[in-house]
Every structure is written in structure tokens, then in C-alpha cells.
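Q: following is a predicted model, sequence given first.
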Amino acid sequence: MKTLLTEKELQAGVHDMAAAITQRYGDRPVTIVAVMTGALVFLADLIRQLKMPIRISLIQASSYRGGTEPGALWIRDDMMLDIEDRDVLIVDDIFDTGRTLHAVSECLAKMQPASLASAVLLHKEGCQVIEMTPDFIAFSIPDEFVVGYGLDYRDLYRNLPFLAALEPADLIEATTVQE
Ligand code: 5GP
Ligand code: MG
């Protein structure tokens, strides 16, 4: 695999995003809804750069089942906090086609937050099928399958401190659908 973003570059991007988020919300409390599991590492780094009161709520959404091709999208929201009348910021790892963020936004909008915005670590260029742009984007990357810094391939590589693009030799054809 080849490194796309080093640990240092990732930290700088998260730092800049935290500044932009602070600019928008100031001292107002923010409820973060993090999309598990890919947003885990990004979430941990981002929230430690934010000084306003933060509540953290988790949602699970997945369209990748053990491989690199998207499957059916599912959302699990039974770990959600009450977000009615709250300023809500969705935090996700990557905006690829946009289907996940769009579906999560629709799901949360029904819960009547005071405001709803989104922050993604990565934006994959040229893959969007949904007309939606995340409010905060740390990095734009080419259309490659990436792992590390929370992102997985068949549930592995999430713990890499850097972001890497998988090369054909790294890919094992997914033969079984995993839950
Ligand atoms: P979308 O619904 O925007 O097509 O895809 C978003 C979700 O797919 C992300 O939250 C992420 O979980 C997963 N995803 C998209 N591209 C990649 C990638 O390059 N690597 C990994 N590991 N996951 C990806
Ligand atoms: Mg995801």
C-alpha cells in the first residue's frame, strides 16, 4: 500500500477543521453524531481540539460489507442521544458517493435538530452521485480505496496512524458477506 497522508498531515488537517468548526459555533454547545466505525479515530482527535461543550452520539451506517464495493446501505440509530433543538454536527470518515451522509442527514433531520451540519475527514473526488457538499472537509483525495486512521478493509487496518491507498495486490476478493 502507499501512504496518501502522513500522521503529521492528518493532524494538521484535523487542527484546521477544528478551527473552522469553532469559528462557526463559537462557545455554543454542539452535539456530534459520529458515524461508526470509520469515524472513530478522526472523532477522537477532532473532539480534543474543540473547546465548546460537546455531547457525543453514535450512529452506525455501512455500505461496505467486507470489501471495496458498496452494498446495501443500513443505518442503526439505537445509540442516539436526543438531538431535538440541538446544534448537530455529523462526523464521518469519508464522502464517496455521498449516499451515506445523505441518508444519515435525512434520518437525523426527522429528529428536529436546531441545525444540522456535517464534517468529513476525506472527500473523494469525482465519485459523488448525491447533490450535497459536507460543510467541513479536511482533505480531498483521488478515487482510490483508502485505509488507516479509522478506515478499514475487511475490518483491518483501522489502527494505522496514517492514511494509505490499497494497491491491487492488497485486495482480496470479498467472497462472503459479513455482518
Ligand atoms: P458513500 O456512501 O459516500 O459512498 O460512502 C461513504 C462510506 O463508505 C464511508 O463512510 C466509508 O465508511 C465507506 N468508504 C467509502 N470510500 C471508502 C474507502 O476508500 N475506504 C474505506 N475504508 N471506506 C470507504
Ligand atoms: Mg462509514
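A: Noted; the coordinates are in hand. Ligands and ions are numbered 1, 2, ... in the order given.

Q: wait, M17 sits on F139?
A: No - if you go by Cβ atoms under 8 Å, M17 and F139 don't touch, sitting 9.4 Å apart. Just so you know, the C-beta spots here come from the backbone N, C-alpha and C atoms, and that holds for glycine as well.

Q: which of these two has more neighbours?
A: M17 (23 against 19; other Cβ atoms under 10 Å).

Q: name the residues of whatever helix or strand the more buried one lives in that are buried.
A: Per DSSP states H and E, M17 falls inside helix 7-25. Under the neighbour-count criterion of 16 or more other Cβ atoms under 10 Å, helix 7-25 has 10, 13-14, 17-18, 21, 25 buried.

Q: ok but K51 is inside a strand, no?
A: No - K51 sits outside any strand when classified using DSSP: H, G, I helix; E, B strand; the rest coil, being coil.

Q: pLDDT at it, what is it?
A: Looking at K51, its pLDDT is 98.

Q: show me what contacts it?
A: 22, 27 (Cβ atoms under 8 Å, 6 or more residues apart in numbering).

Q: swap in 10 Å and give it another go.
A: 18, 22, 26-27 (Cβ atoms under 10 Å, 6 or more residues apart in numbering).

Q: just the closest of the residues you listed to ligand 1, please.
A: A18 (20.0 Å; Cβ to the nearest ligand atom).

Q: please name the nearest non-neighbouring residue to that closest one.
A: Q49 (3.4 Å; Cβ to Cβ, 6 or more residues apart in numbering).
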